[in-house]
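Student: here is my input; please provide its structure:
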Amino acid sequence: MLALSARCCRATARAVHVGPEETYAHITASALVRMARLFSEPMAGLGAIRNTAESQHRHSIELSWGDLLCQAVSLAATGQAARTLPAVLDAQHRLERTGNDDGLPDLLLVPATLAWSIGELDRAAAWVIAIWRLARTCT
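Tutor: Sure thing, here's the model as predicted:
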């Protein structure tokens, strides 16, 4: 979740004008709150992610793969399996176009979140263990 929060934070920093009233710490805190809401209030979290994406679109800011990943995780958190797969594929395709990262273990947050949200806790736990193991090998 911390990796996803960091990506969301970078996306928010690009999307929001940082003036005297909005510090980087404020943007970071907002990103962390949005990520936490994905799990405590999935529908509200999805709404917050959508609002950020709409704001970026209005300002002609292209969504990064991290932005698309946040959307995929938010859909997964609400249990929308049919919409989650296309969303994570969009994130993966954007990542392939930028070519700066393989997206792991971040992309694995999507199936872990989806499994958790639909009550498949054993499967969610297995995904979390895979993420943890992969993160240890990536550092």
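Student: quickly find the element holding Thr84.
Tutor: helix 81-98 (DSSP states H and E).
Student: quick check: next helix or strand after that helix?
Tutor: Next helix or strand after helix 81-98 toward the C-terminus (DSSP H and E): helix 109-117.
Student: pLDDT of that next one, averaged?
Tutor: Taken as a whole, helix 109-117 has an average pLDDT of 92.
Student: helices and strands around the helix or strand just after it, which ones?
Tutor: Proceeding C-terminally, helix 109-117 gives way to helix 121-138 as the next helix or strand, assigned by DSSP H and E. The helices and strands touching helix 121-138, judged by 3 or more CB pairs under 8 Å, 6 or more residues apart in numbering; DSSP states H and E, are helix 109-117. (C-beta placed from N, C-alpha, C; glycine too.)
Student: re earlier: residues contacting the helix holding Thr84, please?
Tutor: With CB atoms under 8 Å, 6 or more residues apart in numbering as the test, helix 81-98 has contacts from 63-66, 68-69, 71-72, 75-76, 101-103, 107, 110, 114, 118.
Student: return the set of buried residues in it.
Tutor: When neighbours are counted by 16 or more other CB atoms under 10 Å, the buried residues of helix 81-98 are found to be Thr84, Leu85, Ala87, Val88, Asp90, Ala91, Gln92, Arg94, Leu95.
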